[in-house]
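**Q** The amino acid sequence is not available; the structure is as follows:
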C-alpha cells in the first residue's frame, strides 16, 4: 500500500493498530545517497564507521520508508503481513518550520530511476514530517503569537504602550477608520480588512480598541496563506471564533509531526524491529524523525537503544555461524533464494488485508515496502532453521524468542572481517591488528609497488585510503614484528603500526574538537531545533547501560555450541561436518564469530 500525504491521515489509525498487534516489524529505506565523503575501510573501528555514517545521514535524505508488520497465528503457526510504502518529503509546513538542504548522488538517483521510483509522487505527494523538538518549538511560536493577539484586543493597554502613527501610515489608517465607521452604521455583521502588513495590522488593532470598542477584531489566515483582519459586531461570537481558530492552529502544529508519528508508534510498541544491513536505515530514521544524531558514538548507542530497544539485522545472521556455512551470498535477493530451499523451509505468508501486501511471485527489490517484506520472509525461515538446529520448538518470531537472543541489538558492519557488528547493548569487539601497517607513500605508487616492498617479508593485502596512504595487512601474522626493523621509514615512504596510526588520528581529532571554555559560551547552538536525546518522543524507555561487565553474556554463542555447529552435529543426530568449502577445522575456528547460547 503506497502512502502519501493524501491518504496518510486516514490510514494512520490502521497503521498504528498493525504495529501494536504485530509479532515483529520489518523496515527498509531508500536514500538520495549513501556515502557523503569517502568510502568505508575494512579496518574501520565501530566509532570510525559511525563517524562516516552520521555524516551521510546528515547530508542525504531517506525518501521512501518501507514498513511490513508480521502477525503470528499460534493456532496453526502461520503468519500474515501488512505492508506500507511511505513517500516522505520534508515540505516546510509553515514559515517557521525548517526548510532543509540535502545532497544527492547522481548514481543513487539513477539507480532509483532504474527501479521505477516515482520522483513526481515524492515531491508532489510526499508526507511531511518534523522532529519532536521542532514541533515543540513551533507550538511555542504559535502560543506566543496567540498571546500577542489577545494582548492587542485587551483593554489594559497603557499610554506608554501606544505606538505613534507614522506620517506615511496616516492615509492608510484614515481609510481604515472610514471603513470601520461605515461598517458600524451598516446592517452588516462582519467584514474583512486585507492587504496590510504586520505593522499596519498592529496600528488597526490600536485604533479600533481606542475609537471603536463595540466591535471585535481577529486575525484570520485565508486558505492561500494571506493574513487578514476579521471585524465583527458580535463580540461573544468573535471570541468563540478566536478560540476555535487558536485550537485549529495548535491542531495544525500537531499535524506537522507527520510521518514521525509512525516512528513514535514503533518506538513505543517496543516490538522487534528487523532490517537487512540496517545500520544506515537506523541512522537516517533517528536523524530525520527523532533528533539530530549525536557526535559521540557512545551517545548514538544510547539513543538507538532508547528509541528502538529491540533490533535485529538479518545480514548479520546470514554471516554468522551456523548460517554462514549454508549461505554463500547474503544480499537480500540471494538470501531469499537460499532460505527458500532445503534445508530451509519458506512459509506461504498472505496479506492480512487485500491490497496490503505482496505475492511470492512478485519481485520489486529496492522498493522499500517489498524489501521490508522480503526481509521478514527470510527471518521467519532462518528462525525456523535455527530452532531445529538448537532442538527447540518453533514458536513466534518476536523479541522474546530464545534462538534470536544472540543476534539482538547488533548492527552488521560491512567489509570489516574482524569486527562483524556494532554492539548496541554492550562493549564492542576490538581485535588484535598487530599485523596491519599504515603507509604514507608517493602518489605515483601502485599496488604492485607496495606488494614488492613487502615481498621479502610476507604476502600482503593492500587497502587504499587515498592516493598517498594505504593499509597493508600481512597474510602471515607471525612476521609482524619483523616489518619495522626490515623496512623502517625513509625519504620515500613512512610506515607505522596500526596502533600508532590510530593514536595519531585520535589526537588530531581531539585537537580539532577542543574548544576554549570562553569561546564555547559565545558559540551559538548549531541548530535551533537541537534536542537532548533523553527528550525523545519515547516515554518510559531507559537506555541500556553500556558497561564492560554487560558484555560477558552479550557477545555470543558459547564455544561448546559453536563447536557443535562447526562439526555439523544437530540435536537429532551425528551428522558429519560438511567439507564443501575445502577449509580445515582449525581455520574455521579461527574465523568464527562468537554468539551466546540459543
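**A** Sure, I can see it. Fair warning: this is a prediction, and the values are worked out from it, not measured in the lab.
**Q** and the most centrally placed residue in the chain, how far is that from residue 29?
**A** Centroid check for the chain by C-alpha atoms, centre = their mean gives residue 285 as the closest residue, at 1.8 Å. Distance, residue 285 to residue 29, by C-beta to C-beta, to the nearest Å: 7 Å. Just so you know, the C-beta spots here come from the backbone N, C-alpha and C atoms, and that holds for glycine as well.
**Q** Could you tell me which residues touch both of those two?
**A** Taking C-beta atoms under 8 Å, 6 or more residues apart in numbering as the criterion, residue 285 and residue 29 both touch 62, 65.
**Q** Check whether the residue nearest to the centre of the chain sits in a helix, strand or coil.
**A** For residue 285, the secondary structure call by DSSP: H, G, I helix; E, B strand; the rest coil comes out as helix.
**Q** what about it, distance to residue 86?
**A** Residue 285 is 11 Å from residue 86, by C-beta to C-beta.
**Q** Need the overlap of contacts for the two.
**A** By C-beta under 8 Å, 6+ apart, the residues touching both residue 285 and residue 86 are residue 65.
**Q** domain assignment for the chain?
**A** According to automatic domain parsing, the chain comprises the domains 2-130+258-417, 134-255, 436-514, 552-598.
**Q** Reformat those into TSV and put distance to residue 430 and mean pLDDT next to each item.
**A** Listed next are these as TSV, based on distance: least, C-beta to C-beta, whole Å; pLDDT from 0 to 100:
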stretch	distance to residue 430	mean pLDDT
domain 2-130+258-417	7	92
domain 134-255	37	80
domain 436-514	10	90
domain 552-598	12	38
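**Q** now these in TSV, with distance to residue 423?
**A** Converted to TSV, the domains of the chain look like this (distance: least, C-beta to C-beta, whole Å):
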stretch	distance to residue 423
domain 2-130+258-417	6
domain 134-255	31
domain 436-514	19
domain 552-598	7
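**Q** got a list of what the residue lying closest to residue 345 once chain neighbours are set aside touches?
**A** Leaving aside its chain neighbours, residue 345 sits nearest to residue 384 (5.9 Å; criterion: C-beta to C-beta, 6 or more residues apart in numbering). Counting by C-beta under 8 Å, 6+ apart, residue 384 touches 344, 345, 347, 394.
**Q** Most neighbours among the residues you listed, which one?
**A** In terms of neighbour count, residue 344 stands highest of the contacts of residue 384 at 18 neighbours, by other C-beta atoms under 10 Å.
**Q** Using the three-state scheme, assign it.
**A** Here residue 344 is recorded as coil under three-state DSSP.
**Q** can you pull the contacts of it?
**A** Contact analysis of residue 344 by C-beta under 8 Å, 6+ apart lists 338, 381, 382, 384, 385.
**Q** Strands of the stretch 351-500 of the chain, residue ranges please.
**A** 410-412, 421-423, 436-440, 460-466, 469-474, 494-497 (DSSP state E, counting those that start in this stretch).
**Q** re the thing from before, so for the residue nearest to the centre of the chain, what's the nearest residue that isn't a sequence neighbour?
**A** Using C-beta to C-beta, 6+ apart, the nearest residue to residue 285 is residue 263, at 6.3 Å.
**Q** And the next helix or strand past the helix or strand containing that neighbour?
**A** Using DSSP states H and E, residue 263 sits in helix 260-269. Later in the chain than helix 260-269, the nearest helix or strand by DSSP H and E is strand 272-275.
**Q** by contact count, what packs against that next one?
**A** strand 24-31, strand 311-313, helix 368-390 (3 or more C-beta pairs under 8 Å, 6 or more residues apart in numbering; DSSP states H and E).
**Q** Next, residue 220: phi, psi?
**A** phi -130, psi 140 (degrees, to the nearest 10).
**Q** bridging residues for it?
**A** Judged by DSSP bridges, the bridge partners of residue 220 are residue 228.
**Q** Count the neighbours of it for me.
**A** Count around residue 220 with other C-beta under 10 Å applied: 15.
**Q** My read is that it contacts residue 192, right?
**A** Yes. Residue 220 lies in contact with residue 192 (C-beta atoms under 8 Å); the separation is 7.2 Å.
**Q** who touches both of these two?
**A** 228, 229, 230.
**Q** Out of the residues you listed, who's the most crowded?
**A** residue 229 (19 neighbours).
**Q** List phi and psi for the closest residue in space to that residue that isn't next to it in sequence.
**A** Using C-beta to C-beta, 6+ apart and skipping residues adjacent in sequence, the residue nearest residue 229 is residue 193, 4.3 Å away. Residue 193 has phi and psi values of phi -110, psi 120 when expressed as degrees, to the nearest 10.
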